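[1] everything below, folded, please.
(one chain, ligands or ions: 1)
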Amino acid sequence: MHTRYLGNDRLAVGAIGLGCMSMSGVYQDPGDEKESIEVIRRAIDAGCNFLNTSDLYGPFTNEQLLGRAIAGRREQVVVATMFGLLFDENGVGYNGKPEYVRTACDASLKRLGVDHIDLYFQHRVDHDVPVEETVGAMAELVSAGKVRHIGLSEAGQESIRRAHATHPVTAVQSELSLFARDTEDGILGVMRELGIGFVAYSPMGRGLLTGRWRRPEDLAPEDYRRTDPRFQGENLESNVGLVEQIRQLAEEKGLTSSQLALAWVLTQGDDIVPIPGTRRLRYLEENLAAEKVVLGADDIRRLEELVPKGSAHGDRVGDMTMVNR
Ligand SMILES: NC(=O)c1ccc[n+]([C@@H]2O[C@H](COP(=O)([O-])OP(=O)(O)OC[C@H]3O[C@@H](n4cnc5c(N)ncnc54)[C@H](OP(=O)(O)O)[C@@H]3O)[C@@H](O)[C@H]2O)c1
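    Numbering: from 1, shown residues only. Have a look, this model is predicted:
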């Protein structure tokens with residue numbers, strides 16, 4: 001697999017990374033842990049060495065799973081995890097307080113079974129704590145050798161600039177797919193101006209672009225996407241119609257809609273690293289093959305005519321306080 005470089009400090013990672021979230025029941029049931037561990041190890045063998053988790057996933061169990069999967073292979077992987085987004089009895093919570101950053105990092109290191117985190121993200125900016133204070137604490141973790149690089153997730157332009165002025169930010173992690181292109185309005189420009197890499201999460205639209213979920217009842221009763229506006233009622237019907245058009249174009253090229261969706265993300269810039277999520281070996285292989293896909297200008301034009309920017313139906317997440325903080 002080709003290497004891409006994130007940020008001015010040029011963190012080297014495989015061009016396609018692996019999101020581990022769905023392995024811990026965030027969408028459906030956690031699935032088969034044995035297969036999830038095989039997925040991670042097969043990904044590493046294929047050069048897909050950038051592995052993304054968060055203390056939120058599980059919560060906590062996803063980091064433990066990743067730790068078990070990479071045991072004995074630490075030198076071959078680039079481990080990214082996140083802190084600061086919590087769900088409790090009061091709903092969504094954010095914590096960017098310096099003392100919390102230190103505690104959260106130590107706990108993640110322990111769960112992952114590693115002595116440093118390669119890329120540590122603030123999962124969401126905490127508007128009650130100046131970002132300089134949070135990033136200041138993250139910079140201290142770098143000085144202490146517990147963290148190598150820092151990042152922000154779903155941060156707004158102002159937060160990105162202020163954070164980067166405090167300590168160099170290696171990457172911002174935000175949603176990017178044919179169905180989620182709002183980072184093109186400003187955030188991506190700021191990142192490029194400052195030399196910050198882009199980790200593209202949910203590159204297959206949280207699974208929508210795979211064409212696997214076509215009716216609301218295709219989602220398991222506990223699946224969190226049942227609350228996602230894009231998977232509901234008429235929105236889902238319209239979105240599935242768009243995916244069908246993508247599938248037809250993909251078929252002409254001997255690809256699946258998942259592969260075409262991933263290949264499109266890869267064409268958006270060498271500073272962008274998508275992290276598709278899967279807990280199945282067969283999907284991993286399918287997704288990694290997208291790295292070899294060559295899309296010409298005509299393919300891109302046809303694809304973007306079929307799904308122009310903003311054509312997905314429904315907000316990209318139910319709770320819009322979750323984005324661009
Ligand atoms: N920073 C943030 O706030 C944030 C938010 C969301 C996600 N993320 C990160 O981004 C990663 C990926 O995002 P995501 O999981 O939300 O969405 P995604 O990668 O767009 O889609 C994942 C979904 O598609 C399914 N899938 C994957 N490949 C497939 C294929 N080839 N054919 C059919 N189905 C396929 C997966 O099913 P199976 O799991 O059953 O294989 C899973 O349900 C996460 O793991 C997480 O690390 C970060």
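[2] what are the bridge partners for the one residue in the stretch 1-150 of the chain that gets nearest to the ligand, then?
    Proximity of the stretch 1-150 of the chain to the ligand (CB to the nearest ligand atom) peaks at G19, 2.2 Å away. All C-beta atoms are positioned from the backbone trio N, CA, C, and that covers glycine. Note on G19: beta-bridge partners N52, G277, judged by DSSP bridges.
[3] tell me if I'm right that it and R279 touch.
    No. At 10.2 Å, G19 does not count as touching R279 under the criterion of CB atoms under 8 Å.
[4] let me see the contact set for the residue of the stretch 1-150 of the chain closest to the ligand.
    N52, Y201, S202, I275, P276, G277 (CB atoms under 8 Å, 6 or more residues apart in numbering).
[5] cool, and L266?
    Contacts of L266 (CB under 8 Å, 6+ apart): A15, I16, I272, P274, A290, E291, V293.
[6] how about D55?
    E63, T81, M82, F83, A104, A107, S108, R111.
[7] 10 Å - rerun?
    61-63, 81-86, 104-105, 107-108, 111-112, 123 (CB atoms under 10 Å, 6 or more residues apart in numbering).
[8] are any of these buried, and which?
    Neighbour counting over these (16 or more other CB atoms under 10 Å) leaves 61-63, 81-86, 104-105, 108, 111-112, 123 as the buried ones.
[9] go through the residues you listed and flag which are in strands.
    Per DSSP state E, strands hold the following members of the buried ones among the contacts of D55: T81, M82, F83, L85, L86.
[10] export those as CSV, with columns for pLDDT and distance to G31.
    Shown next, in CSV, are those (pLDDT from 0 to 100; distance: CB to CB, whole Å):
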residue, pLDDT, distance to G31
T81, 98, 20
M82, 98, 21
F83, 98, 25
L85, 94, 23
L86, 90, 24
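[11] identify the farthest-apart pair in the residues you listed.
    T81 and L86 (14.3 Å; CB to CB).
[12] related to what we said a few turns ago, what's the farthest-apart pair in the contacts of G19?
    So, those by CB to CB: farthest apart are N52 and S202, at 11.2 Å.
[13] same drill for those two, tell me which one is more crowded.
    N52 (26 against 23; other CB atoms under 10 Å).
[14] so who does that one touch?
    17-21, 62, 66, 78-82, 119, 121, 153, 173, 199, 201, 273, 275, 277.
[15] pipe the contacts of G19 into CSV and attach pLDDT per row.
    What follows is the contacts of G19, written out as CSV (pLDDT from 0 to 100):
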residue, pLDDT
N52, 98
Y201, 97
S202, 97
I275, 98
P276, 98
G277, 98
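[16] near the ligand, which of those show up?
    Among these, the ones lying near the ligand by CB under 6 Å from any ligand atom are N52, Y201, S202, I275, P276, G277.
[17] state the number of residues packed around the second one.
    Here the number of neighbours of Y201 (other CB under 10 Å) works out to 22.
[18] that'll do, ta.
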